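[1] Please work out how this folds:
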Amino acid sequence: MPDDPRPGFRQFPHVFAPGRIGTLEVPHRIIMGSMHLNFEQDPPALASFYAERAAGGAGLIVTGGAAVNREGSGGPTYLVAGEVPFREAAAAALEAVHNAGAKLALQLFHAGRYAFESTYGLQPAAPSAVWSAYSKAMPAAMDEEHVRRTLAAFAAAAAQARELGFDAVEIMGSEGYLVNQFASAATNRRDDSWGGDALRRQAFPLAVLSAVRGAVGTGFPVIFRLSGDDLVDGAGPPEEYVSLAGALAAGGADALNIGIGWHESRIPTVQAMVPHGTWLPVAARIRQHLAGAGHTVPVIGSNRINSVAQAEAALADRMVDFVSMARPLLADPRIIAKSAAGRPDLVNTCIACNEACIDRSLGTEPVSCLVNPRAGRERAFPVSFPPRTRSAGTPRAAVAGAGPAGLQAAAALAEAGIHVDLFESAPGIGGQFRLACVVPGKADFAETIRYFSRELPRLGVEIHTGVLAGAEVLSGFSHVIDATGVLPRTVRLPGAEYLPVYDYHEAFAVAAALPRRLAIVGAGGIAVDLAHLLAEHRFRQITLLRRGSRIGEGIGPSTRWAVLQALRSAGVAMLTGVSCKEVTPRGLILAGSGGQDELVPADAVIVAAGQVENSSLSRELAAAGIAHTSVGGAASAAGLNAVRAFAEGLASGRALAGELTGERKRAPLP
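    The predicted structure is shown next:
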């Protein structure tokens, strides 16, 4: 391997070492992990999604969970094994992945108490009748016949997977779903052969493995997704899963893929604030136990690994045998190919925001990616690239503003062969990502800035920072995309002369120098981020104030609870249903609902009460008769978030490129 001419193989020798899962040979040690996408019932879209990732270097892909029966469905967008939509989607995905030279494993899924009765009118089933805070349901405790029927459903789904041409199956036995529920003391309250102590709680997972193995035969690869730690009250110690891992290895599992945490857990596992690789020691403990017991079954580690370099470190330290990465392949379908070519600097890194992926997967909206809005929409936005040469007659477009919308628009235009000049008034690109990346737990947002700082020049975009472009500068372009973003909303506070009053941009800029007692007017996502940052600088007395009833409005459901939990731990006070009356030398006066005013002691006030469109450039361009399109916050600040900004940048860039060239050009990416 050290003599391999490909630079990435020398840089990441452990990652690019071939491996084996049972009889299945895989070209490297990264597996594309299972993701429920909410568009599995659209076979062409599913095929295009998987094909792009297979072509980008994913050697083994695990599908989103396919329910083994209707009772086990995770919601209305889940496929159910044996039904026509499942067969159609499987056929399309298999053809696409195999044509690209990769392998596809089907995840066998049963939601148990996490199922929703509204999907098929079926009461969720579980080992015991334990209320599910996730699905808001009381499941029915399964009797013996029900258990046997469910085992048969797993076997039938596995047999069908082999019949259809899947290369492996993965049993979903983690993240609080049915198989995990039987293994956990938190949800298995039985006192029969299927529960009652740690050993009997192993019975159902082992029975599922046996049923699946019996259905597919000894030579067909079976991966078991095993919880390493449930992270919920009432669960047994992690040592129980170490023991179960040994039993599964002895029972015929070809690999153990270690998951962590449940939907009901209050310990963050997948959010941006979780440090990279935090949960790898859980998998490493299981691997060490298996090795000590003489088992050679490979262990797969997962959760918060978003670069090939991190995977390399885990493999080099022998913590795991394979690394499962899911969201990173949403962000960049070519993360493996780019890394193999020695260009990890061109990888569009997953920032673990969860806004367009996990948050959507918990509902019914199709999954995508904040930093890669093409994800899940590959057919609507097929890959397009610049021609090899550009002539003097090639259209030239300008993009004003290098925040998310502007960066994405510039990339979309340049990929289509348009000459692009990108203007940004700040010293660097990134827009409000420049603020986000200094917030504790959001350092990965800087990776998006790094990506575009490499990718745009590669595409031929000329970047001009520190330039406030107006009509005079922009008059010579065929078209201008106005992506100048938003401005902080101004709130008039009587008595503002008594204390320093900052808008959120100003507060971010001088965060370390702000005084100890701070009142923040507003409590949306930006205000919450600012409070998190300020609480980290030094001991401070911080109060978030919101007229409405919800702190952190607009933050995705998988992240909001964790961020608010962190703020409470830092001592940040959060007041809702309040109205700011006036500033005094002692602080901010709130108008009390009962007629009694309340003082929030403060040495300074920060206004983070929303945003308004930065429409000045659009008005100037219109007055000068310059053709332009406003996108992102420059078009509308209402409901603005980075997901929308990136998506609008892509759509506007592609639409304008089509108008300027009259065609789409296609060629391979690096």
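
[2] Can you report how many residues lie near Ser302?
    27 (other Cβ atoms under 10 Å). (Each C-beta comes from the backbone N, C-alpha and C, glycine too.)

[3] In which helix or strand does the residue lying closest to it once chain neighbours are set aside reside?
    Leaving aside its chain neighbours, Ser302 sits nearest to Ser324 (3.9 Å; criterion: Cβ to Cβ, 6 or more residues apart in numbering). Using DSSP states H and E, Ser324 maps to strand 322-325.

[4] in the chain, which ranges drop under the pLDDT threshold?
    Across the chain, the ranges flagged by pLDDT under 70 are 1-5, 384-392, 538, 593-595, 663-670.

[5] where do the strands sit along the stretch 101-250 of the chain?
    Along the stretch 101-250 of the chain, counting by DSSP state E, counting those that start in this stretch, strands occupy 103-109, 125-126, 140-141, 168-173, 222-227.

[6] Let me know the distance separating the residue nearest to Ser302 from Gly252.
    Distance of Ser324 to Gly252, given as Cβ to Cβ, to the nearest Å: 21 Å.

[7] More neighbours: these two, which one.
    When Ser324 and Gly252 are compared for neighbours, Ser324 comes out ahead with 25 against 17, by other Cβ under 10 Å.

[8] in stretch 123-142, what's buried?
    124-128, 130, 132, 134-135, 137, 139-140, 142 (16 or more other Cβ atoms under 10 Å).

[9] among these, which two are most distant?
    Tyr134 and Met142 (18.3 Å; Cβ to Cβ).

[10] and the gap between the residue nearest to Ser302 and Ile305?
    8 Å.

[11] and if you look at Thr349?
    11 Å.

[12] Quickly list what's touching both of these two.
    Common contact partners of Thr349 and Ile305 (Cβ atoms under 8 Å, 6 or more residues apart in numbering): Pro328.

[13] Comparing the two, which residue is more hemmed in?
    For Thr349 versus Ile305, neighbours defined as other Cβ under 10 Å are more numerous around Ile305 (27 against 20).

[14] so who does that one touch?
    Counted by Cβ under 8 Å, 6+ apart, Ile305 has contacts 276-277, 280, 311, 314, 323, 325, 328.

[15] And the strands of the stretch 101-250 of the chain: which comes nearest Arg619?
    Once these are compared by Cβ to Cβ, strand 103-109 is nearest, at 52.6 Å.

[16] Just the residues contacting that closest one, thanks.
    For strand 103-109, using Cβ under 8 Å, 6+ apart, the contacting residues are 24, 26, 34, 50, 59-68, 72, 74, 78, 81, 90, 93-94, 97-98, 154, 157-158, 161, 166-172, 177, 212, 221, 223, 225.

[17] What about those residues, which are in helices?
    Counting by DSSP state H, those place 50, 90, 93-94, 97-98, 154, 157-158, 161, 212 in helices.

[18] Quickly check those for the two that are furthest apart.
    So, the ones in helices among the contacts of strand 103-109 by Cβ to Cβ: farthest apart are His98 and Phe154, at 24.5 Å.

[19] quick check: domain ranges of this protein?
    With domains defined by automatic domain parsing, the chain comprises 7-361, 396-488+613-661, 496-609.

[20] Give me the secondary structure label for the residue nearest the centre of the chain.
    Computing the C-alpha centroid of the chain and ranking residues by Cα atoms, centre = their mean puts Asn354 first, at 3.6 Å. Using DSSP: H, G, I helix; E, B strand; the rest coil, the structure places Asn354 in coil.

[21] Ok, the one 10 residues further on next?
    Classification of Thr364 using three-state DSSP returns coil.

[22] And it, how close does it get to Pro373?
    For Thr364, the distance to Pro373 - Cβ to Cβ - is 19 Å.

[23] neighbour-wise, which of those two wins?
    Pro373 (23 against 10).

[24] got a list of what that one touches?
    Applying Cβ under 8 Å, 6+ apart, the residues contacting Pro373 are 356, 381, 408, 643, 646-647, 649-650.

[25] got it, and Leu280?
    Counting by Cβ under 8 Å, 6+ apart, Leu280 has contacts 301, 303, 305, 314, 319-320.

[26] and what of Asp482?
    Shown in contact with Asp482 (Cβ under 8 Å, 6+ apart): 400-401, 617-618, 621, 628-631, 634-635.

[27] Using JSON lines, please lay out those residues together with secondary structure.
    Below are the contacts of Asp482 laid out as JSON lines (three-state DSSP):
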{"residue": "Ala400", "secondary structure": "strand"}
{"residue": "Gly401", "secondary structure": "coil"}
{"residue": "Leu617", "secondary structure": "helix"}
{"residue": "Ser618", "secondary structure": "helix"}
{"residue": "Leu621", "secondary structure": "helix"}
{"residue": "His628", "secondary structure": "strand"}
{"residue": "Thr629", "secondary structure": "strand"}
{"residue": "Ser630", "secondary structure": "strand"}
{"residue": "Val631", "secondary structure": "coil"}
{"residue": "Ala634", "secondary structure": "helix"}
{"residue": "Ala635", "secondary structure": "coil"}
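
[28] so which helix or strand takes in Glu455?
    Per DSSP H and E: helix 445-458 holds Glu455.

[29] contacting residues around that helix?
    With Cβ under 8 Å, 6+ apart, helix 445-458 has contacts from 272, 345-349, 351, 371, 402, 404, 407, 410-411, 414, 420, 422, 428-430, 433-434, 436-437, 439, 463, 670.

[30] and the residues you listed, which of them are in strands?
    Among these, the members found in strands (DSSP state E) are 420, 422, 463.

[31] Now render these as a markdown table, adding distance to Ala111 and neighbour count.
    Shown next, in a markdown table, are these (distance: Cβ to Cβ, whole Å; neighbours: other Cβ atoms under 10 Å):
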| residue | distance to Ala111 | neighbour count |
| --- | --- | --- |
| Val420 | 47 | 29 |
| Leu422 | 46 | 29 |
| Ile463 | 47 | 20 |
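
[32] List just the nearest of these to Val15.
    Nearest to Val15 among those, with distances taken as Cβ to Cβ, is Ile463, at 31.8 Å.

[33] what sits against the closest one?
    Counting by Cβ under 8 Å, 6+ apart, Ile463 has contacts 402, 422, 424, 429, 453, 456-457.

[34] Put the buried members of those residues into a PyMOL selection.
    Buried subset of the contacts of Ile463, written as a PyMOL selection, criterion 16+ other Cβ under 10 Å:
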select buried, resi 402+422+424+429+453+456
